[in-house]
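In: Please find the sequence and the predicted model below.
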Amino acid sequence: MLRLFASAAKQRYHPAVFPDNLIDLQLDGWTLKARPPLDGAAPNRVIWLVHGWTGDERSMWVFASRMPKDALLLAPRAPYPSKHAELDGYSWVEERAGEFSRLEAFEPALAGFEGLQAAAAAHYPGADFERASLVGFSQGAAFCFALALRRPAAVARLAALAGFLPAGAEPGLGALSGLPVYIAHGTQDETVPVAMAHEALRQLEAAGAQVRYCEADAGHKLGADCARGLAEFMLTD
C-alpha cells in the first residue's frame with residue numbers, strides 16, 4: 001500500500017475547463033453526460049464518474065482531464081432528489097436516515113444501475129463494460145463501494161474521493177481482494193471526517209485490496225497532489 005501526504009502549499013486543485021465535447025444521453029430512464037474516447041482503438045475502457053449528494057451529471061467533469069484519453073467517460077445523475085433543505089441536486093439513496101447511509105440503503109439505486117449499464121453497453125458496443133472503472137466523490141464513493149461489492153468481477157479499479165465505506169460492508173469485503181483502490185481525503189474535511197477514510201483504508205487492506213492512499217491539508221475536495229495521484233492511478237492498465 002502506498003501512502004501519499006500532500007503539502008499544505010499544494011492543497012488546492014484547480015479544475016480543468018468544462019469539456020466541450022460532452023454528449024447528453026437518456027438511457028433506460030437515466031440522465032447522463034458522456035465523453036467519447038479521444039483516441040485509442042476499441043474496445044475502449046469505461047469509467048463511471050459518480051457524483052456526491054446534491055450533485056448531478058455535471059458535477060464530476062472537473063476530473064475529466066485526469067482520466068485516460070482512450071476512455072469512455074459516463075457521468076449519470078443519481079435517481080433520487082437530494083431533499084436538502086437549501087440545495088437542489090440528487091442522491092444515491094432515497095431517504096438518508098442518518099448522515100452516512102448504510103450499505104443496504106444503496107440497494108434500490110444499485111438495482112436500477114444494472115439496467116443503465118446494460119443500456120450503455122448497447123449504446124456503445126465498442127466499449128468494454130465487462131471491466132469498468134469507478135470514480136466516486138463523497139456519497140458517490142460510497143455508492144461505488146456498494147456497486148463493487150454487488151458485482152466485484154465487473155470492476156477494474158475504484159477511486160474514492162472524499163468518501164466513505166458504507167457501514168455494513170465489512171462482511172463482504174473479501175470479494176474486493178486484489179482490487180486496485182485509490183482513496184483521497186482532506187484532513188480538514190468537515191463533511192466526511194478523515195477518520196472515515198482511515199477506517200476504510202484499514203478495512204480494505206485487511207480484506208486484501210491493493211490500496212493507494214493520499215491525504216492532503218484540504219477540506220471536502222481533492223488536493224492538487226491527490227489529483228495528480230488520481231491521474232497516475234487511472235492511467236495504470
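Out: Great, that's in hand. Residues are numbered from 1 along each chain as shown.

In: Would you map the helices across this structure?
Out: For the chain, the helices defined by DSSP state H cover 107-123, 139-150, 194-207, 224-235.

In: Just list the residues touching Phe233, thanks.
Out: 157, 159, 180, 182, 212 (C-beta atoms under 8 Å, 6 or more residues apart in numbering). Heads up, the C-betas are built off the backbone N, CA and C, glycines and all.

In: Select only the buried ones of the residues you listed in ChimeraX?
Out: Buried subset of the contacts of Phe233, written as a ChimeraX selection, criterion 16 or more other C-beta atoms under 10 Å:
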select :157,159,180,182,212
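
In: and the residue sitting nearest the centre point of the chain, bridged to which residues?
Out: Geometric centre of the chain, nearest residue: Gly136, 1.5 Å, by C-alpha atoms, centre = their mean. Taking DSSP bridges as the rule, Gly136 bridges to Val50, Ala160.

In: okay but it is in contact with Ile47, surely?
Out: No: using C-beta atoms under 8 Å, Gly136 is not in contact with Ile47; the gap is 11.0 Å.

In: Would you mind confirming that Thr54 makes contact with Lys83?
Out: No: contact between Thr54 and Lys83 fails when scored by C-beta under 8 Å: they sit 9.5 Å apart.

In: Compare neighbour counts for those two and give me the winner.
Out: Thr54 (19 against 14; other C-beta atoms under 10 Å).

In: what's near enough to touch Gly172?
Out: Leu149.

In: Please apply the same query to Ala207.
Out: Here Ala207 is in contact with 173-174, 176-177 (C-beta under 8 Å, 6+ apart).
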